[in-house]
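Participant: sequence plus the predicted model coming up.
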Amino acid sequence: MLDFRMRTFLEVCRCLNYTRAAEKLNITQPAVTQHIQYLQEYYGVKLFAYRNKQLALTAGGAALRDAAVTMLHDEEKLRRDLQDLQGGKRSLRFGATLTIGAYALPGRLAAYIKRHPEIRIHILVENTQVLLRELDEGRLDFALVEGYFRKDAYDFLVWAVEPYICVCAAGHPLPEGQVRLEDLFCENLILRNPGSGSREVLVRVLEERNYCPDDFCHVVEVSDLKLIKELVKADCGVSFLYRRAAERELAEGTLRQVPLADFHVEHEFTFLWRKGSVFESEFRQLFKELCEPFG
C-alpha cells in the first residue's frame with residue numbers, strides 16, 4: 001500500500017498549500033508538516049520551497065511526485081486486478097478522446113471484444129485533460145489521446161499520425177485565389193471546449209504565428225463534435241478538426257476542406273500510460289492487440 005505520508009505529499013502537490021491539504025485529508029496542519037518533514041529526511045532532499053511567498057515544488061519534489069503518482073496508479077490497478085482474480089473475472093479500464101473514441105477506435109475495439117468476450121471493458125470518452133487526471137489517480141489503466149501531454153510523465157506509443165484540417169459548409173464562399181489562415185479571421189470559429197486535445201492543437205499553431213482564437217470574428221465553443229459539424233454544415237462558421245472525424249461528410253459533399261496555403265498540420269494519436277509503471281509489458285501487449293491494424 002502507498003504510505004499515508006506519500007498520500008499527504010501528493011495532496012500538498014495538488015493544493016500547494018499546507019492548510020488546504022490538511023482540510024482535504026481531514027487531518028491537522030501540524031500532521032501535514034510532520035509527514036512532509038519525514039519524507040524530506042527519508043529521501044534527503046527538500047521537497048517544497050517558497051517562491052514569491054507561494055509554495056512550489058523543488059526539482060527533487062517534482063521527481064518524487066511523478067514517481068508517487070505512478071505508484072498510486074499501479075496500486076489502484078493491482079487492487080482491481082486482485083479483486084478480478086478473486087471473482088474469476090478480468091477487466092480493462094481505459095479512456096479515449098472524442099475523435100478517437102467515435103471515429104478511430106470502434107472497429108478495432110469490436111475486434112478485440114470478439115477475441116476476448118470474457119473481459120469486462122470499461123471505457124471513458126472524455127477530453128485529454130480529464131483522461132490524464134483519471135489516469136494519474138489510478139481510475140484508468142491507460143488512455144488513447146490526441147492532445148498534448150508531459151512526455152517526462154508518461155510512456156507512450158504512437159498509434160497514428162492524422163491530418164488536421166479546416167472545414168466549412170459545402171456552399172460557403174471563400175476569398176478568390178490563394179487562401180491563407182489570416183483570411184479566415186473574418187469568419188466565425190466553431191471549436192471544442194477548453195481541455196480538448198483538438199482545440200489545443202489549433203491554439204498552439206495559432207500561438208506559433210502570434211495569433212489566438214479571438215482573432216476570429218466570433219468564437220463558439222461546443223463540447224460535442226457532431227454538433228460542431230452540424231453547425232458548420234449549416235454555414236454558421238468554420239472549424240478545425242481531424243480529417244478522420246469529417247471523412248463521411250467530406251465524401252458526401254456536405255462539408256469541404258478549406259485549401260489553406262499556409263496551414264499543413266498533422267498530429268499524433270497516442271497510446272499512453274504512467275512512466276515507470278510495473279505493468280508496462282501488459283500495456284505494450286494491449287497496444288499490439290487493440291491499436292495496431294488488424295490483418
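Facilitator: It's in. Source: prediction; values computed, not measured.
Participant: quick check: closest non-adjacent residue to L225.
Facilitator: Leaving aside its sequence neighbours, L225 sits nearest to L98 (C-beta to C-beta, 6 or more residues apart in numbering; 5.3 Å). Heads up, the C-betas are built off the backbone N, CA and C, glycines and all.
Participant: tally of neighbours for L132?
Facilitator: The tally of other residues near L132 (other C-beta atoms under 10 Å) stands at 24.
Participant: helix or strand for it, which one?
Facilitator: L132 is located in helix 128-136, with elements delineated by DSSP states H and E.
Participant: if you drop the residues flanking it in sequence, what lies closest to the residue sitting nearest the centre point of the chain?
Facilitator: Against the mean C-alpha coordinate of the chain, by C-alpha atoms, centre = their mean, the closest residue is T128 at 2.1 Å. Distance criterion C-beta to C-beta, 6+ apart; nearest residue to T128, sequence neighbours excluded, is G147 at 3.0 Å.
Participant: how about E76?
Facilitator: What sits nearest to E76 in space, not counting adjacent residues and going by C-beta to C-beta, 6+ apart, is G138, at 2.8 Å.
Participant: quick one: residues contacting that neighbour.
Facilitator: 72-77 (C-beta atoms under 8 Å, 6 or more residues apart in numbering).
Participant: just checking, the residue nearest to L225 touches R199?
Facilitator: No: using C-beta atoms under 8 Å, L98 is not in contact with R199; the gap is 10.8 Å.
Participant: hmm, back to that, measure the residue nearest to E76 to R14 for me?
Facilitator: Distance of G138 to R14, given as C-beta to C-beta, to the nearest Å: 14 Å.
Participant: for D84, same thing?
Facilitator: Note on D84: its distance to R14, by C-beta to C-beta, is 29 Å.
Participant: for stretch 15-24, what is the average pLDDT?
Facilitator: Here stretch 15-24 scores 93 as its mean pLDDT.
Participant: swap in stretch 153-166?
Facilitator: The pLDDT scores in stretch 153-166 average 95.
Participant: list the buried ones in stretch 120-140?
Facilitator: By 16 or more other C-beta atoms under 10 Å, the buried positions in stretch 120-140 come out as 124-132, 134-136, 138-140.
Participant: re earlier: now find how far off-centre the helix holding L132 is within its chain.
Facilitator: 6 Å (C-alpha atoms, centre = their mean, to the nearest Å).
Participant: send me it as PDB with only the CA atoms.
Facilitator: Presented in PDB, the C-alpha positions along helix 128-136 are these (Å, rounded to 0.1, in the frame of the first residue of the first chain):
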ATOM      1  CA  THR A 128      -7.400  14.900 -22.900                       C
ATOM      2  CA  GLN A 129      -7.000  16.700 -19.600                       C
ATOM      3  CA  VAL A 130      -9.800  14.700 -17.900                       C
ATOM      4  CA  LEU A 131      -8.300  11.400 -19.100                       C
ATOM      5  CA  LEU A 132      -4.800  12.300 -17.900                       C
ATOM      6  CA  ARG A 133      -6.200  13.200 -14.500                       C
ATOM      7  CA  GLU A 134      -8.200   9.900 -14.300                       C
ATOM      8  CA  LEU A 135      -5.100   8.000 -15.300                       C
ATOM      9  CA  ASP A 136      -2.900   9.800 -12.700                       C
END
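Participant: that's all I had, so thanks and see you.
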